[in-house]
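> Return atomic coordinates for the entry below.
(chains A, B, C and D)
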4 protein chains.
Amino acid sequence: MEWIDSSILGRNAVAKGQPGAKHRLSEEDQGEFHYVYGPYAEPVMRIAPGDVVEVETLDAFGGAIKTEDDLPSQVLNMPFVNPQNGPIAVEGAEKGDVLAVYIHSLLPRGPQPAGTTALIPSFGALVADGNLMLNAPTPERVKKMDVTPEGGVKFSDRITLPYEPFVGTMGVSPEIEAVSSLQPDYWGGNMDCPDVAPGAIIYFPVQRKDGHFFIGDCHGRQGDGELCGVAVEIPATVTVQIDLIKGWSIPGVRIETEDFIMSLGSARPMEDAARMAYRDLVRWMVDDYGFEESEAYFLATQAGKMRVGNMVDPKYTLGASMLKEYLKS
Amino acid sequence: MEWIDSSILGRNAVAKGQPGAKHRLSEEDQGEFHYVYGPYAEPVMRIAPGDVVEVETLDAFGGAIKTEDDLPSQVLNMPFVNPQNGPIAVEGAEKGDVLAVYIHSLLPRGPQPAGTTALIPSFGALVADGNLMLNAPTPERVKKMDVTPEGGVKFSDRITLPYEPFVGTMGVSPEIEAVSSLQPDYWGGNMDCPDVAPGAIIYFPVQRKDGHFFIGDCHGRQGDGELCGVAVEIPATVTVQIDLIKGWSIPGVRIETEDFIMSLGSARPMEDAARMAYRDLVRWMVDDYGFEESEAYFLATQAGKMRVGNMVDPKYTLGASMLKEYLKS
Amino acid sequence: MEWIDSSILGRNAVAKGQPGAKHRLSEEDQGEFHYVYGPYAEPVMRIAPGDVVEVETLDAFGGAIKTEDDLPSQVLNMPFVNPQNGPIAVEGAEKGDVLAVYIHSLLPRGPQPAGTTALIPSFGALVADGNLMLNAPTPERVKKMDVTPEGGVKFSDRITLPYEPFVGTMGVSPEIEAVSSLQPDYWGGNMDCPDVAPGAIIYFPVQRKDGHFFIGDCHGRQGDGELCGVAVEIPATVTVQIDLIKGWSIPGVRIETEDFIMSLGSARPMEDAARMAYRDLVRWMVDDYGFEESEAYFLATQAGKMRVGNMVDPKYTLGASMLKEYLKS
Amino acid sequence: MEWIDSSILGRNAVAKGQPGAKHRLSEEDQGEFHYVYGPYAEPVMRIAPGDVVEVETLDAFGGAIKTEDDLPSQVLNMPFVNPQNGPIAVEGAEKGDVLAVYIHSLLPRGPQPAGTTALIPSFGALVADGNLMLNAPTPERVKKMDVTPEGGVKFSDRITLPYEPFVGTMGVSPEIEAVSSLQPDYWGGNMDCPDVAPGAIIYFPVQRKDGHFFIGDCHGRQGDGELCGVAVEIPATVTVQIDLIKGWSIPGVRIETEDFIMSLGSARPMEDAARMAYRDLVRWMVDDYGFEESEAYFLATQAGKMRVGNMVDPKYTLGASMLKEYLKS
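Sure, this is the predicted structure:
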């Protein structure tokens, strides 16, 4: 794809967006999976900027929900959910740099039905949290679905949804914190944003030496907000090209596709996530696209798009985007 | 358009979605404009269900900002902003019914540049509110733009945006309250949602006899969230067909287009607006499309779309939608 | 009480805090009660600044809950709850002035048990709102209590709580809006703040000619936050001295007692109410007590007190206060 | 103090509230301080339940602000702020137990002026966060104050505030996370709640073997909400008795004093922290004091008190309390 050559990745990264050596990180290679994004785990692999890694991820439940009779409250062992592959050390990465991750592909793996979603008591955007409210919990339920690139997501006999896969959780290690893989933040993590998809480049602000990249929690698809808290969770083979941009200081996660740029914000309440996303979009337009600040603010007002990634995680994630056609000089 | 025949409007409304008598409500006919949605104003017009009204609306500033030198802080007289046409009494409407408003068209009127946007001190999603914070206000600025259906929105020499007009403020009177036209709520009002556009049907829950419909505040276009608080404000000629659905009790505003249904929520913080929208979408799927509740919740999770209308008004407005193709039995 | 002489009321009001003519507004005098704070009702009484009015208020349910078997869902007729006396026109009051209301006394009236509280489905701080969430509603329940100044609030056989009465809802009319008496805002309304009590002076920013003062919804006592949404609701005889301060422009409700000054904020989410309250306290310290702004901000940080009035109404009300002993020059 | 004997600590803890061996953890003993609450640090000390530890804490700035000319933006090195002593391993503590910490005393140490507060750009409840808003930052400023138990807090020439010391940050290690000492949560951390004071017992839910107790960030005093984000920060000698209650499962931090019990909630937005606190108070009243749930909800509504600890940290902390006199059977 030639747009990559003109992307920020293509222009500024160490390997100029050219794919390097190919690596494989199988389930067996990974061995123990991780449940926090942090600096206290030893890298499972070291790569050079531009290298391509094919990763075998588990689903968010670590595969524990095998049938519709395996209820989350019985088979999950908190906080050991949302297992992550990694960390992958990227040579030369330092605080103040950016890891640029170009997602090549994402395929379901394992037996069908590969997809799982669930209603978990006291969790999800439309149910009362038992630590906040007195209401009796709503019923628990699991739904399994066939998920294939060709056949889509078999939601029910009546309804088939398009296969629109993305990576739910991905990012770099914080500097000194080790934070649950259920949480999104400025370093990435559990963003649950459907734009983190094959064909996109995701930019993460490096917080520590070698970056320490984590990835997991792939989704066959998801609506805006991940309403009940559980997308179409799949075990997957995801292939990513990980490059490095030296000396690019960004306050949070950014996305670039052929058509648009997007800034993500993760916070509560939701308006703070929205502000964080738009605030950074305006900053980006000013810093890299020559806009005067009030002009960028005006353009975001009249032409900005907002994606609600999740409204269920410890922080909500929203993305503010601008079409590249309005950024041309 | 034949889809109208199969719409809820077409199937259930008094006039079955057929256009009735045509009326005109010019600026002169309107005379005094209104700044609250309430039951204390005399109707300016009485119509039968199905009648079509061509309305001449003022822009949100009542036309007071004529040039880029007319600063809002100098020419506006709060709370007399966002002037509304109406109320239009609809015969036979009673509490517990729904006003179904099919938007035929929306055209800018008056001399060019017809479009106005502005940065207003202490107002907007990315600036500190002087009643909450200590920061010095950000600079005031006005931007005028040519806006035509053919030529689009001339944002700058470099950037032309598509003409994608919609009605910013529209709705019915509350039962006993008279609320600022700057505020959105379950009765409509200042929703600033770009889906309230030509080709869509908007359903409003009637709160009092004859409904008392208000309309104003047209926009040439707007990004998600109406970031700085001011869209491409235009004086307009907007044509609406106003029908009546007897005995349909809905908790808030709903939208139907050829492709999707949408529920709106207006609240703070933003997650409550999002929940309200999705909660009603689930209710709607259960009540009218035969879904079991947990199944509707699952489908909204995997296929729901969320629109951030505004994140600047006294309540934020978000819309949750579902493609009709997933609702077929 | 001599502190009144040195209060803002005593120093700056038209009648200098001296009580004027005495009036009585009985239940019969009032006739029809009001359910909105707005300019569209005719005054039930006209008074001069400084006049004292003894008002007979209804409880928040208009007396409809007579026994523990009268469930709110059966006997209430929304939106006709929280009935208000007034409006009382105050001669000479204009936008930009302040109504200073000194609360003399508050006594329960009518037969015992005079106090009512209730758990109302889908309402209250610890229960899911049915328009936001899917949970089944929690049970409805009414509790009646004897309430007397001497005997306190007989909460149960085991527990007697102190009689600490206050006015739940009080304020002036907005300029053009007519807003539900269930809502608090900058003009007052349903603040449910226990500091609006006998012995305190409450300052309201006048929004229209003659002020149009409303009052109702007295409470025998209440905890911080009014958790379930219903305090110890009582019909009452409340006596207030209503004075006028010309040309004092304040952005919202302020309170003065012998010991402290307090600013109220009403907003959602709760942090915005807290910010609004503290922001105005800082402003007040700068404007009237000679503090440099950063010094006022520091002092509020180290010595400010915050009262959570309600966390259940359409806007939450919080109060930020400072002891007068720290304000002396 | 005899009330301790009848406290939960006195009745249920391993050492029955009796002080055990005395230990000292000096600044030198501590050596390297910690900036996260987590399981990845080696214990600096092992104690038995009931042992008393005298700890020398640094102030929140690690002593880097020595004069009013040492601006935070110049002398602080994020994320290395709010240094913590510990972890202290408590023998026998396991997940599902409670660490009961009885605070004996808290004294300032080091040269005067021992107290520091500061206005830090883009931080604090009344200033715009530069990652959310466009406003220019507010000015930076440091204020140093003499702080002694006898002389109080010398806020200015004119104003002396009472010495009302408390521990800003204290708690146990999460199970697998290592979270910034700037953040409060269910395990404790940066709660900034003035009730965590000498004379009180603080109950923490143990998350891992030996509990791993951390402590730091002492305050000479603070107003409700810690408005500007920085209290009267002091280096201190704090003495705590650390006992263990086996098999008491609590969802978050609880406090007991001679007069009241309190549950803390840490969350955003603030209403969620308030709900969490009150929800747990109701649970506690039901579980340990024999209340029927609706009766506890009613009593919290009419007699509950709410403390706003902080409204500036990554999560806000509020406390809901009930007088013990209403809990007697």
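
> CA atoms for contacts and neighbours, from now on please.
Noted.

> Run through the helices of chain A in chain order.
Taking DSSP state H, the helices of chain A run over residues A:3-6, A:8-12, A:27-30, A:72-75, A:270-289, A:293-303.

> Save those helices as CSV, and put in mean neighbour count and distance to D:Pro121 too.
Shown next, in CSV, are these (neighbours: other CA atoms under 10 Å in any protein chain shown; distance: least, CA to CA, whole Å):
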stretch, mean neighbour count, distance to D:Pro121
helix A:3-6, 14, 37
helix A:8-12, 19, 31
helix A:27-30, 14, 43
helix A:72-75, 13, 45
helix A:270-289, 24, 17
helix A:293-303, 23, 20
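
> May I see the ones you listed arranged in JSON lines, with distance to chain B and mean pLDDT as well?
Output for the helices of chain A, formatted as JSON lines (distance: least, CA to the nearest CA, whole Å; pLDDT from 0 to 100):
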{"stretch": "helix A:3-6", "distance to chain B": "21", "mean pLDDT": "96"}
{"stretch": "helix A:8-12", "distance to chain B": "22", "mean pLDDT": "98"}
{"stretch": "helix A:27-30", "distance to chain B": "27", "mean pLDDT": "98"}
{"stretch": "helix A:72-75", "distance to chain B": "16", "mean pLDDT": "95"}
{"stretch": "helix A:270-289", "distance to chain B": "5", "mean pLDDT": "98"}
{"stretch": "helix A:293-303", "distance to chain B": "4", "mean pLDDT": "98"}
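
> Who are the contact partners of the residue of chain A most remote from its centre?
Largest separation from the mean C-alpha position in chain A: A:Leu134, at 33.1 Å (CA atoms, centre = their mean). Applying CA atoms under 8 Å, 6 or more residues apart in numbering or on different chains to A:Leu134 gives the contacts C:126-127, C:138, D:279.

> biggest separation within those residues, which pair?
C:Thr138 and D:Arg279 (14.3 Å; CA to CA).

> what residues does the stretch 51-200 of chain A put near chain B?
Residues of the stretch 51-200 of chain A that fall close to chain B, judged by CA under 8 Å from any CA of the partner chain: A:117-119, A:125-126, A:155, A:158-159, A:161.

> chain center to stretch A:198-205, what's the gap?
In terms of CA atoms, centre = their mean, to the nearest Å, the centre of stretch A:198-205 is set 9 Å apart from its chain centre.

> do stretch A:284-299 as well
The answer for stretch A:284-299 is 26 Å, by CA atoms, centre = their mean.

> so which of the contacts of A:Leu134 is the most crowded?
Neighbour counts for the contacts of A:Leu134 peak at C:Leu126, which has 29 neighbours (criterion: other CA atoms under 10 Å in any protein chain shown).

> And the residue farthest from the centre of chain A, its phi and psi?
phi -90, psi -10 (degrees, to the nearest 10).

> Please enumerate the strands of the stretch 101-250 of chain A.
Listed in chain order, the strands of the stretch 101-250 of chain A (DSSP state E, counting those that start in this stretch) span A:115-119, A:141-145, A:147-148, A:152-154, A:160-161, A:166-172, A:179-180, A:184-185, A:188-189, A:201-205, A:213-219, A:233-234, A:236-245.

> burial of A:Asp129, as a residue count?
Neighbour tally, A:Asp129, other CA under 10 Å: 20.

> Quick check: it touching A:Ser122?
Yes. With contact defined as CA atoms under 8 Å, A:Asp129 counts as touching A:Ser122 (4.5 Å).

> among the residues of the stretch 51-200 of chain A next to chain B, which two are most distant?
A:Ala125 and A:Arg158 (25.4 Å).

> the more surrounded of those two?
Neighbour count, other CA under 10 Å: between A:Ala125 and A:Arg158, A:Ala125 has more, with 26 against 10.

> Provide a list of residues in contact with the more buried one.
A:Ala125 touches A:227-229, A:311-312, B:275, C:133, counting by CA under 8 Å, 6+ apart.

> Not counting sequence-adjacent ones, nearest residue to A:Gly168?
Computed as CA to CA, 6 or more residues apart in numbering or on different chains, the closest residue to A:Gly168 that is not its neighbour in sequence is A:Asp192, at 4.3 Å.

> For A:Leu323, give its distance to A:Val286.
Separation of A:Leu323 from A:Val286 (CA to CA, to the nearest Å): 15 Å.

> Repeat that for A:Ala15.
26 Å.

> Likewise for A:Leu182?
Distance, A:Leu182 to A:Val286, using CA to CA: 33 Å.

> A:Leu327 too?
10 Å.

> With A:Ser181 instead?
In this view, A:Ser181 and A:Val286 are 32 Å apart by CA to CA.

> repeat for A:Trp187
A:Trp187 is 22 Å from A:Val286, by CA to CA.

> now A:Gly252
Taking CA to CA, one finds A:Gly252 at 16 Å from A:Val286.

> and stretch A:140-152, does that touch chain C?
No. Stretch A:140-152 stays clear of chain C (CA under 8 Å from any CA), getting no nearer than 12.3 Å.

> buried set for that stretch?
A:141-148, A:152 (16 or more other CA atoms under 10 Å in any protein chain shown).

> Please apply the same query to stretch A:176-189.
A:176-189.

> Now narrow these to whatever sits close to chain C.
Okay, of those, nothing touches chain C (CA under 8 Å from any CA).

> In JSON lines: these, plus pLDDT and distance to C:Leu107.
Shown next, in JSON lines, are the buried residues of stretch A:176-189 (pLDDT from 0 to 100; distance: CA to CA, whole Å):
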{"residue": "A:Ile176", "pLDDT": "98", "distance to C:Leu107": "59"}
{"residue": "A:Glu177", "pLDDT": "98", "distance to C:Leu107": "57"}
{"residue": "A:Ala178", "pLDDT": "98", "distance to C:Leu107": "58"}
{"residue": "A:Val179", "pLDDT": "98", "distance to C:Leu107": "55"}
{"residue": "A:Ser180", "pLDDT": "98", "distance to C:Leu107": "55"}
{"residue": "A:Ser181", "pLDDT": "98", "distance to C:Leu107": "57"}
{"residue": "A:Leu182", "pLDDT": "98", "distance to C:Leu107": "54"}
{"residue": "A:Gln183", "pLDDT": "98", "distance to C:Leu107": "52"}
{"residue": "A:Pro184", "pLDDT": "98", "distance to C:Leu107": "54"}
{"residue": "A:Asp185", "pLDDT": "98", "distance to C:Leu107": "54"}
{"residue": "A:Tyr186", "pLDDT": "98", "distance to C:Leu107": "56"}
{"residue": "A:Trp187", "pLDDT": "98", "distance to C:Leu107": "59"}
{"residue": "A:Gly188", "pLDDT": "98", "distance to C:Leu107": "59"}
{"residue": "A:Gly189", "pLDDT": "98", "distance to C:Leu107": "58"}
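
> Redo those as a markdown table? Include distance to B:Glu94.
Output for these, formatted as a markdown table (distance: CA to CA, whole Å):
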| residue | distance to B:Glu94 |
| --- | --- |
| A:Ile176 | 62 |
| A:Glu177 | 59 |
| A:Ala178 | 58 |
| A:Val179 | 55 |
| A:Ser180 | 53 |
| A:Ser181 | 52 |
| A:Leu182 | 49 |
| A:Gln183 | 48 |
| A:Pro184 | 48 |
| A:Asp185 | 49 |
| A:Tyr186 | 51 |
| A:Trp187 | 54 |
| A:Gly188 | 51 |
| A:Gly189 | 51 |
